[in-house]
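Trainee: Predicted coordinates and the sequence they were generated for:
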Amino acid sequence: MNHGGYVWGSGDPSEWLDFSANLRPEGPAEWVRESLREALGKVRYYPDPEMKQARRGIALFLGVPEECVLPVSGGMAAIDLALQLDRGRVYTVPPTFGEYAARAAVHGRESAVWEGKCEPGDTLVICNPNNPTGKVRTREEMRSLRETLKAGGGKLAVDEAFIEFCPEYSLRGEPGPELVILGSFTKILGIPGVRLGYLCAAPETIDRLRRITLPWTPDAVAAEIATALPDHREQIASDREMNRQRRSRFGEQLRKLGAEVYPSQSNFLLADFGRDMTAAAEKLKEKKILVRTCGSFGLPGSFWRLAVKTEEENTRLIAGLEEILHVW
């Protein structure tokens, strides 16, 4: 399983309780739904190629100048664009999201594990908080990495797809020619079907990225949501706090089952059950419950990455697991 969220295998997608995709458990908030309705009146027109309103909305929400923001069609588009800026090696720190190396290969770039040094044209991609561990690097750690890349003539690309769950760790307010921030609103807003992401960088880098971006990106629906973002900071902050509370209780439930649960600052938990859980994942699938196994991250079969959902949904997973583990 390279990605979570595959609920299209059979039947109605809503039948599944999906712990494999890390999304707002309740689905899109009412203000997002209203934005979707508003967008319906605009889909008969080509989107603004300059994305002025979307750009302004994202910039206001992030607290950065508009010239430092480029709206794009989701986090994957941001990753793909960032990896087109240079031609050197792409470094990663495993375990992490496999698409960094995959997109690097598409663009003819060699991938390697980061060992602390680089050459001109190289890029280090760091996911912060990291996927699948949920671990966050402090600003001091990230600034140190940035200086290392700057000294070697490379770039630091920071994937902040989950940063809205701990925004105090973001580097988005510190642009420079050696730094590119990749972001997405998929997780915090619960809108994987609407592709809304961004890049945040120095103005000269944004200008370069705009020249290689496909026209009319993102579309009118995503742009409508982006425009409304600054008016809904309180709702997003409330969702963030609710996630923290749910994450803490869910972690305790998993520990009571004997799992080692890694500290997380995101909306998911990495759990090691100490034995191969491949069969258990299949048993849960029979109950219409999906979990994310971690083979694509290079981790053994004892690891699962589990989304933090509502109290009721988390308890349903725990009950299903208890039943399966008891039989074993």
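Mentor: Nice, I can see it.

Trainee: Please enumerate the strands of the stretch 151-300 of the chain.
Mentor: Remark: strands assigned in the stretch 151-300 of the chain by DSSP state E, counting those that start in this stretch are 155-159, 179-184, 197-201, 260-261, 268-272, 289-290, 292-293.

Trainee: okay, those in a markdown table with distance to Asp12 next?
Mentor: Using the backbone N, CA and C atoms, a C-beta is placed for each residue, glycine as well. Listed next are these as a markdown table, based on distance: least, Cβ to Cβ, whole Å:
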| stretch | distance to Asp12 |
| --- | --- |
| strand 155-159 | 32 |
| strand 179-184 | 26 |
| strand 197-201 | 28 |
| strand 260-261 | 32 |
| strand 268-272 | 24 |
| strand 289-290 | 14 |
| strand 292-293 | 21 |
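
Trainee: for those, which one sits closest to Ala77?
Mentor: Closest approach to Ala77 among the strands of the stretch 151-300 of the chain is made by strand 197-201 (5.8 Å; Cβ to Cβ).

Trainee: can you state the direction angle for that closest one and strand 179-184?
Mentor: With axes from the mean of the first three to the mean of the last three Cα atoms, to 10 degrees applied, the angle from strand 197-201 to strand 179-184 works out at 160 degrees.

Trainee: just checking, Leu209 touches Ala201?
Mentor: Yes. With contact defined as Cβ atoms under 8 Å, Leu209 reaches Ala201; the gap is 7.2 Å.

Trainee: higher neighbour count, the two?
Mentor: Neighbours per residue, other Cβ atoms under 10 Å: of Leu209 and Ala201, the larger number sits with Ala201, 29 against 19.

Trainee: doesn't Cys68 make contact with that one?
Mentor: Yes. Using Cβ under 8 Å, Ala201 is in contact with Cys68, at 6.4 Å.

Trainee: who touches both of these two?
Mentor: Both Ala201 and Cys68 are contacted by Pro175, under the criterion Cβ atoms under 8 Å, 6 or more residues apart in numbering.

Trainee: Just the helices from the stretch 151-300 of the chain, written as ranges.
Mentor: 186-189, 203-212, 220-228, 233-256, 278-286 (DSSP state H, counting those that start in this stretch).
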